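S.K.: Here is my input, please return the structure:
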Amino acid sequence: MSDGSEKGVTTVKQNVCVIPDLTIKDLLSAIPAHCFKRSALRSSLYIVYDLVVISGIYKTATYLDSLISPEHISLPHPLLYPAARLSLWAGYSFWTGLFATGLWVIAHECGHQAFSESKLINNSVGWVLHSALGVPYHSWRITHAKHHASTGHMTQDQVFVPKTRSQLGLPSFDPTKEDILGSSVSDEVMQELKEALGDSPIGAMLGAATYLLGGWPAYLIRNASGQKRYPKGTNHFNPDAVMFAPHQRESIILSDIGIVLWLAGITGSVYTFGFWTVFRLYLVPYLWVNHWLVLITFLQHTDPLLPHYRASEFSFPRGALATLDRNLLGGCGSIMGWIGAQATHGISETHVLHHVSSKIPHYNAWEASDALRKRLGQAGIKLEGAPGGWGEVYRVFKECKFVEDEGNILFYKNASGLAATRPAFADGSASDSGIEIDKI
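M.R.: Next up, the predicted model:
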């Protein structure tokens, strides 16, 4: 997006987003048949792999910690010894949290029935893994399935739903001073919007940091960043919450039992080993897992390049393709990009494919993604975003402020009221996937 300003009006040259007219058959037929095969044994080996790596990180940190003493190394000041220990265990928590996110991803695949051919195995493994990471397995599985069925839908999607101009209490749209698609805006309106939104680098930085640290529990507990039409107090722990059907009540209660056992385990561990030991070995890595989860999913679904749809323009293929693939940690170099992708089983790098067919296991998703990208390329669609990291979260947080109350295909506008992208339509019409929500 480039811009220019003259006579009190700022105009930008926008990117063009091709609105897909592909059917679900078009998308699925591009994927090799063997990519849909699921193996309980192969999936289980990835759990073992994650646990072995995490154990290795712990053993390494424990061994190095034993060497941080005057008997083994000579440091110029006594305070450097605790500083070295702090750095060591900070590194432990970072790497453990990154690879524990891989366990989170496998539990997430269980919820999609991608772990194995057996629903019992999938739900049993998923419940254990997600409960151990403080996630109400079935509760989130159910709302996450709805998210997949309605990705990018302004009134049906479950998370990362944009706030509209009126919901934020911004000045009403004035067609004489700004373009509805966000290609131009008067200096007067631009100033009003910036003042109303409080746009500043520090504000964006603090907002992004708060989102990364507290966004996940806030979503589970009070529906933060979730569907705006849900009543106040909506959460993932209440069996009677509006997003759950009566026949799902027992599953929600089972999820709550998992959380109670998780809390009991933490409490018992604190009593047995002491708070600081539990804090250092589990709680800080747990916060890192939550951080990675929010960072990855936020960047998959939020960007000035991505459309959001109202009902008249929505279809399953359009929603599935309203996402981005990104290389996690790719901005830190190719080695870190490779580690980020391997540690989290490609959840960020193969996300578009995951939305097209969520039952494909992660170890087949790489090949399936390559095949799907070729098909999308033929339709003029490229869904690869910048590498995922803190800098990208900051950029997106600044650029994605609100969408308009009018229109059926919407793109985020920034604090100046300018949009980086506008829609372009291909011939033909979109096709619905036929997903039946009440059977999920």
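
S.K.: Following element in sequence after the helix or strand of the chain at the bottom of the mean pLDDT ranking, please.
M.R.: Ranked by mean pLDDT, DSSP states H and E, the helix or strand of the chain with the weakest confidence is strand 2-6, at a mean of 62. Downstream of strand 2-6, the first helix or strand assigned by DSSP states H and E is strand 9-13.

S.K.: Who are the packing partners of that next one?
M.R.: For strand 9-13, the packing partners by 3 or more CB pairs under 8 Å, 6 or more residues apart in numbering; DSSP states H and E come out as strand 2-6, strand 184-186, helix 187-197. All C-beta spots, glycine's among them, are computed from the backbone N, C-alpha and C.

S.K.: With just CA atoms, put it into PDB.
M.R.: The C-alpha atoms that make up strand 9-13 are tabulated as PDB, following Å, rounded to 0.1, in the frame of the first residue of the first chain:
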ATOM      1  CA  VAL A   9      -7.100  14.200   1.200                       C
ATOM      2  CA  THR A  10      -4.900  11.200   1.600                       C
ATOM      3  CA  THR A  11      -5.200   8.500  -1.100                       C
ATOM      4  CA  VAL A  12      -3.600   5.100  -1.200                       C
ATOM      5  CA  LYS A  13      -2.900   2.600  -3.900                       C
END
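
S.K.: Only the buried residues of the following helix or strand past it, if you could.
M.R.: Using DSSP H and E, the next helix or strand after strand 9-13 towards the C-terminus is strand 15-19. Neighbour counts over strand 15-19 (16 or more other CB atoms under 10 Å) mark 17, 18, 19 as buried.

S.K.: Pairing partners for the second one in the sheet, please.
M.R.: Okay, so that is residue 18. Beta-bridge partners for residue 18, by DSSP bridges, are residue 424.

S.K.: Numbering from 34 from now on, please.
M.R.: OK, 34 is where the count begins now, so the last one is residue 51.

S.K.: what's near enough to touch it?
M.R.: Neighbour list for residue 51: 412, 413, 414, 457, 459 [criterion: CB atoms under 8 Å, 6 or more residues apart in numbering].

S.K.: and with 10 Å instead?
M.R.: By CB atoms under 10 Å, 6 or more residues apart in numbering, the contact set of residue 51 is 340, 354, 409, 412, 413, 414, 415, 456, 457, 458, 459.

S.K.: Just to check, the third one is in contact with residue 385?
M.R.: Yes: Residue 409 is within contact range of residue 385, at 7.8 Å (criterion: CB atoms under 10 Å).

S.K.: any residues in contact with both of the two?
M.R.: 60, 354, 416, 417.

S.K.: any idea which of the residues you listed has the most stuff around it?
M.R.: residue 354 (26 neighbours; other CB atoms under 10 Å).

S.K.: quick one: the residue most central in space within the chain from residue 263, how far?
M.R.: Nearest residue to the geometric centre of the chain (CA atoms, centre = their mean): residue 330, 0.7 Å. Distance, residue 330 to residue 263, by CB to CB, to the nearest Å: 19 Å.

S.K.: Which phi and psi values does residue 395 adopt?
M.R.: phi -60, psi -30 (degrees, to the nearest 10).

S.K.: And the one 5 residues further on, by the same measure?
M.R.: Residue 400 adopts backbone torsions of phi -70, psi -40, taken as degrees, to the nearest 10.

S.K.: Contact partners for it?
M.R.: 64, 65, 67, 68, 383, 386, 393.

S.K.: Tell me the pLDDT of it.
M.R.: We note a pLDDT of 98 for residue 400 in this prediction.

S.K.: any idea how far residue 393 is from it?
M.R.: Distance from residue 400 to residue 393, by CB to CB: 9 Å.

S.K.: Mutual contacts of those two, please.
M.R.: 64, 68, 383, 386.

S.K.: By neighbours, which of the residues you listed wins?
M.R.: Busiest of the shared contacts of residue 400 and residue 393 [other CB under 10 Å] is residue 386, holding 29 neighbours.

S.K.: so where's the chain uncertain?
M.R.: Low-confidence segments of the chain (pLDDT under 70): 34-39, 460-473.

S.K.: hmm, try it at 50
M.R.: 461-473 (pLDDT under 50).

S.K.: Relative to the centre of it, find the outermost residue for me.
M.R.: The chain, farthest from centre, CA atoms, centre = their mean: residue 104 at 46.2 Å.

S.K.: Doesn't that residue lie inside a helix?
M.R.: No: checked against DSSP: H, G, I helix; E, B strand; the rest coil, residue 104 lies outside a helix; its state is coil.

S.K.: Now do the buried residues in stretch 241-250.
M.R.: For stretch 241-250, by 16+ other CB under 10 Å, it's 241, 244, 245, 247, 248, 249.

S.K.: does the fifth one sit in a helix, a strand or a coil?
M.R.: For residue 248, the assignment made with three-state DSSP gives helix.

S.K.: Quick check, residue 375 in contact with residue 134.
M.R.: No: counting by CB under 10 Å, residue 134 is not a contact partner of residue 375; they are 11.5 Å apart.

S.K.: Residues in contact with both of the two, list them for me.
M.R.: What both residue 375 and residue 134 touch, as defined by CB under 10 Å, 6+ apart, is the set residue 361.

S.K.: Next secondary structure after the helix or strand hosting residue 409?
M.R.: Assigned by DSSP H and E, residue 409 belongs to helix 395-411. Following helix 395-411 in sequence order, the next helix or strand is helix 423-432 (DSSP H and E).
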